[in-house]
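J.: Give me a 3D structure for the following:
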Amino acid sequence: MRRKTREVKVGTVGVGGDNPVRIQSMTTSSTRDVDATVLQIMRLSDAGCEIARVTVQGKKEAFSCEMIKNKLIQNGYTIPLVADIHFYPPAAMVVADFVDKVRVNPGNYVDPRASFKTFNYTDEAYASELKRIDEGFSPLVLKCKELGRAMRIGTNHGSLSDRIMNRFGDSPQGMVESALEFARICRKYDYHDFMFSMKSSNPIVMVDAYRKLVDAMDQLDWDYPLHLGVTEAGNGEEGRVKSAVGIGTLLLDGLGDTIRVSLTEDPWEEIDPCKRLVQLAKKHSHHVPSPLFSRPRQHSPLHPDGAVILAVLEKQILDDDFYSHIGCQVQFGKPVRDIASADALVLKETITNPVAQEKLAALEAIGIQINPQVLYFEAEKSFLHEGRQFFKEHPDKSVVLLYKNTVDSLICASAELGALLMDGCGEGICLYSIDDLDFARRLSFNILQACRMRTTKTDFIACPGCGRTLFDLQEVTTRIKSKTAHLPGVKIAIMGCIVNGPGEMADADFGYVGSRTNKIDLYVGKTCVEKNIDHDEADERLIDLIKAHGRWVEPNQPQSQTQPQLVP
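T.: Just a heads-up that it's a prediction; the model follows:
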């Protein structure tokens, strides 16, 4: 059952209340290019998007929104339009005349870009800062109230103000406090047509922030809707898994009134995974959310950071590509264990073929267990809620999650398994009913990495792009991934513009950030170390930077199973 929230109208679309979970996306065209933006929004609407957002950097983009809105109506499209504002309140004041909702980031709407320096705020100085925030934000609140416009107070991890970080930390609690500051100003002026978001590229941080926000709202007796998203999730399977882990966990707990899956792909590609997540939420909507339960992770005899077990048939073992499907390299006809090799196999049937038996023996010789003696948990109806009860009753057991659902495995397994794993419930995964061994292995490792348990490849933080993007983000992301995807434990951020870097890169080790058209800044952590590099040289300069910091390994070499663990 979903948490009951008030309804907020975004144009003609209701969010919260008794409305279904709404689907959103964002255009990647320049907002000044009215025709291109209109075409993208129409294509989004045709794909099932219910609310469309555009970036508004300045007044020119704000006035473009009037033309965009008019052309959409002329073409028969009533999809609500949302203006995305960073750093420039005057643009918000102009665009509120033309759009249905304004999204503001409380970390940068009034405050300057964070310097990540330490400041000592006395209570008096902090109160003075809050008064300054009120003076800067209240004009927009009053205008939105007058015009009947909705608002999203959208906190992003990594773009918190220095004031918040120095008092509450660069943390989920800091994200919540940042949003509450702006919400209190809205309420001061009796304006209530707003909702919240607590986005992060780290699903653990994202889930924790939303939970803390809901706890705070419960204490305050507030009922504002929630917009869910894992920001800068990347692309492909990894981006969908990371998004499903974060968004799905909250939806299964009855939280969330509108969602966006932020992928570094064309905007309309985001709609399908959104629909699948909404479908998952509907399937479990009759479940009463169970009390949260977390526990210290137990030691797994198969792998300390989470085991991957594959269920196999004899015919699969006899396949010529069997070793590669379970993640092994082959040298001189023999399997060689690699960082993303399965830890064990469970046999679905008795193996009688001598060739298959010989292959299994070769795997056992390199430490891959066959039919390991482990404790499995399997759910009948609700993996999350039954799982919490099971782990509450068996908190000290090392347990592998045995998952047999075959409906939309990528989305459902990511959400249902991830919801338990992020709370320490489970020491491994066995996707028992997925026949495609290579897919089952990839999905298992992607889920473990998204849950910040076990890292087997580079963790990419890539923004989805918008009208601010200064280079071909999709092409660059694909290219950089092809050159650097083999660096487990390394986090690389690829950001289309300076708004998303350095702050939005959160905990990335290295950053690739658009600074001007076809010019790139490179970061180590949150520190810019090279400026205005020509786009054609930036890839190799990034690799040189990784090498200079001792984080490079040569591709296509077998790697140890023991690697640095990703941390929240």
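J.: So what's the residue count around residue 294?
T.: The burial count assigned to residue 294 is 13, neighbours taken as other C-beta atoms under 10 Å. C-beta coordinates here come from the backbone N, C-alpha and C atoms, glycine included.
J.: Also residue 354?
T.: 8.
J.: All further residue positions should be reported with the first residue as 260.
T.: In the new numbering, first residue 260, that becomes residue 613.
J.: need the contact list for the most centrally placed residue in the chain.
T.: Against the mean C-alpha coordinate of the chain, by C-alpha atoms, centre = their mean, the closest residue is residue 489 at 2.5 Å. Contacts for residue 489 (C-beta atoms under 8 Å, 6 or more residues apart in numbering) come out as 458, 459, 460, 462, 465, 501, 502, 504, 505, 506, 520, 521.
J.: and residue 787, that's in a helix?
T.: No. Using DSSP: H, G, I helix; E, B strand; the rest coil, the secondary structure at residue 787 is strand, not a helix.
J.: give me the low-pLDDT residue ranges for the stretch 360-509 of the chain?
T.: Within the stretch 360-509 of the chain, no stretch falls below the threshold (pLDDT under 70).
J.: mind listing the strands for it?
T.: For the stretch 360-509 of the chain, applying DSSP state E, counting those that start in this stretch gives strands covering 360-363, 409-415, 453-458, 486-487.
J.: Nearest to residue 538, out of those?
T.: Among the strands of the stretch 360-509 of the chain, the nearest to residue 538 by C-beta to C-beta is strand 486-487 (15.1 Å).
J.: one step back: hey, what's the residue nearest to the centre of the chain bridged with?
T.: For residue 489, the beta-bridge partners are residue 459 (DSSP bridges).
J.: Distance check, it against residue 301.
T.: Residue 489 sits 26 Å away from residue 301, taking C-beta to C-beta, to the nearest Å as the criterion.
J.: what's residue 388 in contact with, if anything?
T.: Counting by C-beta under 8 Å, 6+ apart, residue 388 touches 380, 422.
J.: And it, how close does it get to residue 373?
T.: 14 Å.
J.: Distance from stretch 687-697 to the middle of the chain?
T.: 23 Å (C-alpha atoms, centre = their mean, to the nearest Å).
J.: now what about that stretch, what contacts it?
T.: Residues outside stretch 687-697 that contact it (C-beta under 8 Å, 6+ apart): 559, 561-562, 565-571, 575, 581, 583-585, 602, 605, 633, 635, 658-665, 668, 672, 676, 680, 699, 702-703, 706-707.
J.: Which of those fall in strands?
T.: 566-571, 605, 635, 658-662 (DSSP state E).
J.: wait, is residue 688 part of a strand?
T.: Yes. Assignment of residue 688 by three-state DSSP places it within a strand.
J.: Report the distance from stretch 717-730 to the chain centre.
T.: 13 Å.
J.: can you check stretch 776-783 too?
T.: The answer for stretch 776-783 is 23 Å, by C-alpha atoms, centre = their mean.
J.: circling back to that earlier point, could the strands of the stretch 360-509 of the chain go into TSV alongside distance to residue 434?
T.: TSV is the format used below for these (distance: least, C-beta to C-beta, whole Å):
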stretch	distance to residue 434
strand 360-363	14
strand 409-415	5
strand 453-458	5
strand 486-487	14
